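> only geometry, no sequence info:
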């Protein structure tokens, strides 16, 4: 069984039919359901989505998603060490790449 990390771009695209990624996110989510993929996300991603959807009709959907993920033990709460390791890795990758104009 595949495990899929939900990111904020995908979650928000599912909710907003006007989002440029809505169709792709809908298709990807349908495939995940069909393949019975395990889904998970982090508390950081969920907080970002909660903030983005706070004043929309999807506010309850994010609350429901949080409850479901917690019940399924699929909500990752990164530790301080995880946070620092991620940024260390991110920074080390940048030092190995040639600089572009961006």
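Yep, it's here. Values in this document were obtained by computation on a predicted structure and should not be read as measured data.

> which regions of this structure sit below the pLDDT cut-off?
1, 94-95, 97-102 (pLDDT under 70).

> for it, what spans make up the strands?
Applying DSSP state E to the chain gives strands spanning 3-5, 38-42, 75-76.

> CSV for those, including distance to residue 31?
Every C-beta, even on glycine, is put in place using the N, C-alpha and C of the backbone. CSV is the format used below for these (distance: least, Cβ to Cβ, whole Å):
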stretch, distance to residue 31
strand 3-5, 10
strand 38-42, 12
strand 75-76, 22
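
> need those strands in JSON lines (columns: mean neighbour count and distance to residue 30).
Converted to JSON lines, the strands of the chain look like this (neighbours: other Cβ atoms under 10 Å; distance: least, Cβ to Cβ, whole Å):
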{"stretch": "strand 3-5", "mean neighbour count": "13", "distance to residue 30": "13"}
{"stretch": "strand 38-42", "mean neighbour count": "17", "distance to residue 30": "13"}
{"stretch": "strand 75-76", "mean neighbour count": "17", "distance to residue 30": "22"}
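
> just so I know, which of the ones you listed lies nearest residue 12?
strand 38-42 (12.1 Å; Cβ to Cβ).

> partner strands of the closest one, with direction?
strand 3-5 (parallel), strand 75-76 (parallel) (DSSP bridges).

> with distance to residue 32 as extra columns, can I get those strands in TSV?
Below are the strands paired with strand 38-42 laid out as TSV (distance: least, Cβ to Cβ, whole Å):
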stretch	distance to residue 32
strand 3-5	6
strand 75-76	17
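
> buried residues in stretch 44-61?
Neighbour counts over stretch 44-61 (16 or more other Cβ atoms under 10 Å) mark 45, 46, 48, 49, 50, 52, 53, 58 as buried.
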